[in-house]
Every structure is written in structure tokens, then in C-alpha cells.
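Asker: This is the structure alone, sequence omitted:
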């Protein structure tokens, strides 16, 4: 088993030449219920029940020639995992999922027979893991970006469409809400009063302007751009979520051929 580190810029650090992963243990998912008591009402009103951050315990082993070499390798490990910014860790047994973490503690130990051990405690700040690949990555198992344990169905999943009716599949355990998670919807083509309607959730995004065949309308989380200019004020200011499983969509307002794609990751408990 190996531990992979992925920086925010996409750089992947393989630790196998230095370390052997012996334990990768996320704590169970937990939620933070928020209640309100109302006078005259029995019980409490549940206002929210968001996922809480989680702890991941990691144990790494390395071989040292002697106690002096142990100190050198220990310091190398300290540098490897130190960062002011969050980063991702990946268990090689589940190479298609990553966890966004910050390091909480690091406990080195000289075991015996030249074996050193580092016990690390991370906080998974989102309370969940996510797919290492996005939906615009090649959706084939031989691409080394998708694999077992991702709830990928046998159906032919697509995330680029040129018809006014289509289905978008969210393989994760939770919904993808662009107010909380990265999701980019890009429309290319001519339109007038474009409407993107998720029939499954009932949510609608509407752009009251026009686009030409060479234009791109980009919904990047809550930001909306036509090419490079913000057009948020020309929208109904609504976000479109993706529920777990299949989401049926209908597009209206197109005036010629077009293409629309959905770029997001799947999130797992």
C-alpha cells in the first residue's frame, strides 16, 4: 500500500520510494445538527444537518540504516507533509478517490530493527472524499482515472450533449450543489432567453440575453460569464443542483445547433 499526495495545482507526489502505508483509517461520517426550540411546540425544529469534518489516521513505515538515518528520514517526512494550504491524500487501495485534508499532528517513532514509524492525524475538512477525475475526463476504466467503488453504472454516461433533452448522472453519495462544490456548465451556441431546467429537482437557470454560435455561456458555480464578461445580472440568479443518481434536463431557447457540457466531481461518504 502506498500514500499519494496531490497538491491543489494537480502535482502528485508518490511516497512509495520512502514510505510504506500500513494504516489509512477515516473516521465514520458525522453530521452537525442545528436545532431551534419553538415555544409551544413539542420537540425541536431541525434547521440544518450538514456533514462535519472527519479525522483520518495514517500510519507510515520506513527503513532507516540506524538512528541517525532515522532522524534524516523523519525530517524528510516532516517536510513532505507540511503545508500552509490544504492538499489531497489518496490511499493506493482506492486510487480513484481523494481526501482534502490538513495535517493536525505527526508522531515519529523509532520501532526496532531499523524500522521507523510515523503516525499522522489529518482532518478531512469537507467530511467526504471525491473522485480524483472530473466528468470531462475520459469515462473508461482503462484510462486509470475511474474504477471500482465509484457507483459507476453500466449505462453509457455522457456529460457533453447537443440535444434539448438529456440525462446527467451523479454517481456520488450526495448531491452536487454549486453553492458548495465546484461545478461548471458550459453552453456553446446561439440562443435567446436560454433556459436550463433540471426536471428532477425542478430548478431552472435562465439567461435573458442572447448568444451567437461562437459564444460561450459559462455557469461556474454561482458566477455566470458570456465569454469573458460577467452577465450575472441578466440571469434569474438561480443555481441548478444535481441530485444523487440520474437528473433529467430540458433546454429551451436554443436557435441553432449547440453543445452543453457538465464538469464536476463525484463526492463520497
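Answerer: Looks like it came in fine. Keep in mind that what you see is a predicted model, and the values were worked out from it rather than measured.

Asker: For the rest of this, base every contact and every neighbour count on C-alpha atoms.
Answerer: Noted.

Asker: Quick check: end-to-end length of stretch 262-269?
Answerer: One end of stretch 262-269 sits 22 Å from the other (CA to CA, to the nearest Å).

Asker: May I see the buried residues of it?
Answerer: 262, 263, 264, 265, 266, 267, 268 (16 or more other CA atoms under 10 Å).

Asker: could you give the mean pLDDT of that stretch?
Answerer: Stretch 262-269 shows a mean pLDDT of 96.

Asker: still on that earlier bit, and which of the buried residues of stretch 262-269 is nearest residue 16?
Answerer: Set against residue 16, the nearest of the buried residues of stretch 262-269 by CA to CA is residue 268 (25.5 Å).

Asker: Quick one: residues contacting the closest one.
Answerer: Residues in contact with residue 268 (CA atoms under 8 Å, 6 or more residues apart in numbering) are 128, 129, 130, 131, 172, 173, 174.

Asker: give me the number of residues near the nearest residue to the second one once chain neighbours are set aside?
Answerer: Going back to what we said before, that points to residue 129. Distances taken as CA to CA, 6 or more residues apart in numbering put residue 99 closest to residue 129, at 4.7 Å, once the chain neighbours are dropped. By other CA atoms under 10 Å, 28 other residues sit near residue 99.

Asker: which element follows whichever strand or helix holds residue 99 toward the C-terminus?
Answerer: Residue 99 is part of strand 97-112 when elements are defined by DSSP states H and E. As assigned by DSSP H and E, the chain's next helix or strand after strand 97-112 is strand 115-131.

Asker: Note down every partner strand of that next one and its orientation.
Answerer: Its sheet considered, strand 115-131 pairs with strand 54-63 (antiparallel), strand 97-112 (antiparallel), strand 267-268 (antiparallel) by DSSP bridges.

Asker: chain center to the shortest one, what's the gap?
Answerer: In this view, strand 267-268 has its centroid 7 Å away from the chain centroid, taken as CA atoms, centre = their mean, to the nearest Å.

Asker: Widest-spaced pair of the contacts of residue 268?
Answerer: 131 and 174 (12.5 Å).

Asker: who's more crowded, these two?
Answerer: Each of residue 131 and residue 174 has its neighbours counted (other CA under 10 Å); residue 131 has more, 21 against 16.

Asker: Would you indicate which residues of the strand holding residue 99 are buried?
Answerer: Neighbour-count burial for strand 97-112 [16+ other CA under 10 Å]: 97, 98, 99, 100, 101, 102, 103, 106, 108, 110.

Asker: for stretch 72-82, same thing?
Answerer: Neighbour count says stretch 72-82 has 73, 74, 77 buried, by 16+ other CA under 10 Å.

Asker: Kindly provide the whole-number mean pLDDT of that stretch.
Answerer: pLDDT averaged over stretch 72-82 gives 91.

Asker: so where's the stretch 101-250 of the chain uncertain?
Answerer: 140-144, 154 (pLDDT under 70).

Asker: Would you check how far apart residue 263 and residue 212 are?
Answerer: For residue 263, the distance to residue 212 - CA to CA - is 22 Å.

Asker: which residues in the stretch 151-269 of the chain form strands?
Answerer: For the stretch 151-269 of the chain, applying DSSP state E, counting those that start in this stretch gives strands covering 160-161, 165-170, 183-198, 204-211, 216-220, 223-226, 229-230, 245-264, 267-268.
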